[in-house]
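Participant: Okay, here's the prediction I keep looking at, along with the sequence it came from:
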Amino acid sequence: MAPPAPIRWFAVAASALMLCLLISPSAAIYCDEDDCYDLLGVTQSANSSEIKKAYYKLSLKHHPDKNPDPESKKLFVKIANAYEILKDEASREQYDYAIAHPEEYFYNTARYYQAYYGHKTDARAVLVGFLLVLSAFQYFNQWTRYNQAIDMVKKTPAYKNRLRQLELERSGGTTTKKKSNKQTNKKMDEDLSKELELQIKGAEQPSMWDLIGVRFVLLPYTIGKVGHLVPLCNHVQEDASIPKIPLSRGRNSIGRNSAPSLTDKRLSRNHLSLTAAADDASSSAALVVEGSNPVVVTSGNDRRKLCHKDSVTIRDGDVIELIPGKYLFQYRTLCGDDSKKRSNAEEKAEESSRKRFKGEGEGNSDGGGGGRVEAIRHFHVSDDKLPQTFRLLNVQGLPPWANASCVSIKDVIQGDILFAALSNYMVDLDWLIPACPTVAKIPHVLVVHGEGDGTLDYMKRKKPANWILHKPPLPISFGTHHSKAMLLVYPRGVRVIVHTANLIFVDWNNKSQGLWMQDFPWKDESNPSKGCGFENDLTDYLSALKWPEFSVNLPTLGTFNINPGFFKKFDYSSAAVRLIASVPGYHTGNNMKKWGHLKLRTVLQECTFDKEFRKSPLAYQFSSLGSLDEKWMAELAYSMSSGFLDDKTPLGPGEPRIIWPTVEDIRCSIEGYAAGNAVPSPVKNVEKDFLKKYWARWKASHTGRCRAMPHIKTFTRYNGQKLAWFLLTSANLSKAAWGALQKNNSQLMIRSYELGVLFLPYKTRSSGFSCTSNGVLSEDKCEKSDDSKSGRNKLVTLNWQGNRNTDSSSEVVALPVPYELPPQPYTAQDVPWSWDQRYTKKDVYGQVWPRQVQLYAAALQDS
């Protein structure tokens, strides 16, 4: 990058001035173009007495007090200067030499400045002034280059798109810009742009710690140093606002007050020690945790959690977290490329340490609490195993490791889709179509929704012509269509997706959400397979939606009537989950067992589980709390405690925990108080006394989602990090969603539509079929194994640290449960969130609650 124009002109001017100084006649520096002797009217041989008399005589004539003529005043200044030069023997001798040797102008100039300025100015002041001027020039140069680079970046489409995304995040997915308010829009853009971290290689933001003057002052302090701990922001970028921590040879103590930012009382004053190697060519240092709180060290792709007195060898580039997830520093040495040279002994020692760390916690350990830091970083599932687990949705603003193996809407709605059925509660067409352009290309789309009349009218005006909107019947008041699913028909088969996110911006970008997906092929008409549990559950649920039947022409396949029976044309025998659905109505007889918590009870009663789950606890996690009572809580717990041990004895009741965000969780979340809009429970439901014993914290450090508030709904039975079963669903904790028994348990009343997938520990053989790839379908169908212990999978959380190779007959299936198990009970200071309360303590955006939160795009608000 060429230097900016102001700096180029400044450099030219400085060079010209220096050149003029160097090539001017030496005599000019004394009396300029005049002769000092001529100014006083004396000869060069005059003595000091004659010079003095001549000066006094001329001063009486030309002094401003004696002669008001302006020209006389100018002449007096020259006379006085000449006298100052000639009255001193030393300066007169230098002047005489300069007259006699004009060709030695460099030497004469140096003698002049040394005589007239050297003895008057402290050398230290000269040095300080020089460093200040040089540092100012350096700082000005860096800022100019940085601002020019930023201006160039702000003109790029990528920056404008990111600015747009940030605006949507702050406004809850809605832009309120109007053409008539350009000044407000400009100020808002400026405020938003300040929040974007722009790091440009070659034009980094200036830091005072890199200035020549500051480095010179710190030079005595840094002599003998072997490296620094460099503060990081956003987990990867250097934080220029915080000074580096210098490291000396020998032992260095790092802790509270080692840097201005380290004031957290969780940090000990001697939190850890770093002992740098004595060998100058080595880049290693021995780290020992001295404090009581753990420290995390990341070396390459390996991440290690160290407790009190644990030690490890670190090298150049390793990252240290003084508190897991906080106060990140990168260890950097001053050895340059030499730091990469390692002896064989060093390599072996490091490899041994790495293996030792990886081996910790393995074997028979179940990892009952805590768990691996950033466990989701290591969650990778092959395509053929994806139906056995689920995935979390991407969350904007999280570090990259927290979105490992996570998905966005464009990752699941893709390929050559012939027909799509989108089932959801809230649908924002102004967001959906731009966010997933593939949707607009689908020839036939059915949208089953739960929107109210106002939004529905707008959807009818905005929808593409080939879209059909349908709101299922709601026979009981206060119910809604709350299910969230997609059925995508391809030339090769159907993709079934069950998830927890509304089709709006904030749900797919700012919240903790879950999604399960599996592809199924068309049935072989020459050898039609029998129906299975999954097929029956799906078609029964679709029949309850009662959408109007219509015909579509599917290229190369023919014309079909789209009704629930159409979906019996696919082979679901490889289904890895069971569907648990709710439909509104007063259900009696055999229909009672088809829906709600009685459906879950029925499926679990068909299963046997390991003895470790006898009377094991339950976890309820959701985003809305209904009006509950103790009788119904016992009814639900009975259903969720169903199942048998291998000896056919019941599992026994499990004690539930309710995982629910606190007021502080909401206030400090990615969205601030706006996140509380999606946790819509009034204080009368939340502050019932009998619920106090159930409350547990939303804690999700291992998935990086502590600040991404949950809209996901999950229910499970667990023991440590092992799971008996796991349910991902749209159902919150309410009678409307799960149903309530009536009339002496002969009737189940349900108000709303819900849909979820139940993961069970039974082995399946995946066919590896995909609707969007050309993989060959395996001959082996996926079918449930026998109930014997050898036929079970082992369901575990990401924090499980057991050995996967202890039993080759039992496959370990990891589920990315976003919160930590076992749940931690509320403390005395924790207050459960209620959305109709007033909170005056400002959130991370300086807002209080209540506040208006807009969930739809601007067009809806302007309609």
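Facilitator: Yep, it's here.
Participant: after the lowest-mean-pLDDT helix or strand in the chain comes which helix or strand?
Facilitator: Of all the helices and strands that make up the chain, helix 344-359 has the lowest average by mean pLDDT, DSSP states H and E, namely a mean of 42. The helix or strand immediately downstream of helix 344-359 is strand 391-392, counting by DSSP states H and E.
Participant: what mean pLDDT does that next one have?
Facilitator: Looking at strand 391-392 alone, the average pLDDT works out to 97.
Participant: which other helices and strands contact it?
Facilitator: Counting contacts by 3 or more CB pairs under 8 Å, 6 or more residues apart in numbering; DSSP states H and E, the secondary-structure elements packed against strand 391-392 are strand 514-521. The C-beta positions use only the backbone N, C-alpha and C, and glycine is treated the same way.
Participant: Tell me which residues of the strand it packs on come out buried.
Facilitator: When neighbours are counted by 16 or more other CB atoms under 10 Å, the buried residues of strand 514-521 are found to be 514-521.
Participant: Same check on stretch 559-576?
Facilitator: Residues 560, 562-564, 566-576 are the ones in stretch 559-576 that count as buried (16+ other CB under 10 Å).
Participant: Could you do stretch 654-670 as well?
Facilitator: Neighbour-count burial for stretch 654-670, counted by 16+ other CB under 10 Å, picks out 654, 656-667, 669-670.
Participant: from these, which is closest to residue 265?
Facilitator: Distance to residue 265, by CB to CB, is smallest for residue 664 among the buried residues of stretch 654-670, at 17.7 Å.
Participant: Figure out how far the helix or strand harbouring that closest one is from the centre of its chain.
Facilitator: Per DSSP H and E: residue 664 is located in helix 663-667. On the basis of CA atoms, centre = their mean, to the nearest Å, the separation between the geometric centre of helix 663-667 and that of its chain is 18 Å.
Participant: what does the model give residue 803 for pLDDT?
Facilitator: 74.
Participant: quick one: which helix or strand includes it?
Facilitator: For residue 803, no secondary-structure element claims it when assigned by DSSP H and E, so it is in no helix or strand.
Participant: Quick check: which element contains the closest residue to residue 565 other than its chain neighbours?
Facilitator: Nearest in space to residue 565, with sequence neighbours left out and distances taken as CB to CB, 6 or more residues apart in numbering, is residue 539 at 7.1 Å. Using DSSP H and E, residue 539 maps to helix 533-545.
Participant: how big is the angle separating that helix from strand 514-521?
Facilitator: Helix 533-545 and strand 514-521 are oriented at 110 degrees to each other (axes from the mean of the first three to the mean of the last three CA atoms, to 10 degrees).
Participant: which residues in the stretch 651-800 of the chain form strands?
Facilitator: Along the stretch 651-800 of the chain, the segments classed as strands by DSSP state E, counting those that start in this stretch run 656-659, 695-696, 713-719, 722-729, 740-742, 747-750, 754-759, 794-797.
Participant: for the stretch 1-150 of the chain, which spans come out with low pLDDT?
Facilitator: Across the stretch 1-150 of the chain, residues meeting the criterion (pLDDT under 70) sit at 1-28, 115-122.
Participant: Among the buried residues of stretch 559-576, which ones are in strands?
Facilitator: In strands, defined here by DSSP state E, the members of the buried residues of stretch 559-576 are 560, 562.
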